[in-house]
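J.: dropping a prediction and its sequence here:
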Amino acid sequence: MHERSDAHPQTLREAGITPFMSEASARLQDSVVGAMEAGGIDYGTLSTPFDWRAFFDGLPDPGENS
């Protein structure tokens, strides 16, 4: 198991875990993590209970410049 020394989200590949899903799904997962980083969103700031719609609405638009 990998221990995290920072609060930034990681993709499965970055954590040393082989993703068992299609490459397209893996790219989507990577892009969500990238959007979280671009928007300064940290797992600790997410609402409880978790709301997927609010989460995706809060991500920066991939076409926008930060």
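T.: It's in. Numbers count the residues shown, from 1 in each chain.
J.: could you point out the longest helix in the chain?
T.: helix 23-38 (DSSP state H).
J.: any idea which helix or strand comes after it?
T.: The helix or strand immediately downstream of helix 23-38 is helix 52-58, counting by DSSP states H and E.
J.: how about low-confidence regions in this protein?
T.: Applying pLDDT under 70 to the chain flags residues 1-9, 19, 21-22, 62-66.
J.: let's see it at 90
T.: Within the chain, the stretches with pLDDT under 90 are 1-52, 54-66.
J.: how close does the most centrally placed residue in the chain sit to Gln10?
T.: The residue lying closest to the centre of the chain (Cα atoms, centre = their mean) is Val33, at 2.4 Å. From Val33 across to Gln10, the span is 7 Å (Cβ to Cβ, to the nearest Å). C-beta coordinates here come from the backbone N, C-alpha and C atoms, glycine included.
J.: buried ones in stretch 41-53?
T.: Neighbour-count burial for stretch 41-53 flags Ile41 (criterion: 16 or more other Cβ atoms under 10 Å).
J.: chain center to it, what's the gap?
T.: Distance of stretch 41-53 from the chain centroid (Cα atoms, centre = their mean, to the nearest Å) equals 11 Å.
J.: same question for stretch 27-43.
T.: Stretch 27-43 sits 4 Å away from the centroid of its parent chain (Cα atoms, centre = their mean).
J.: now it: buried residues?
T.: Within stretch 27-43, the residues that count as buried by 16+ other Cβ under 10 Å are Val32, Val33, Ala35, Met36, Ile41.
J.: can you check stretch 53-61 too?
T.: So, applying 16+ other Cβ under 10 Å, buried residues of stretch 53-61: Pro60.
J.: restricting to C-alpha, output it in CSV.
T.: The C-alpha trace of stretch 53-61 is given here as CSV (Å, rounded to 0.1, in the frame of the first residue of the first chain):
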residue,chain,number,x,y,z
ARG,A,53,-23.5,16.7,-9.7
ALA,A,54,-22.2,19.5,-7.4
PHE,A,55,-18.7,18.0,-7.8
PHE,A,56,-18.7,18.1,-11.6
ASP,A,57,-20.5,21.5,-11.6
GLY,A,58,-17.6,22.8,-9.5
LEU,A,59,-14.8,21.6,-11.8
PRO,A,60,-13.3,24.2,-14.1
ASP,A,61,-14.4,24.0,-17.8
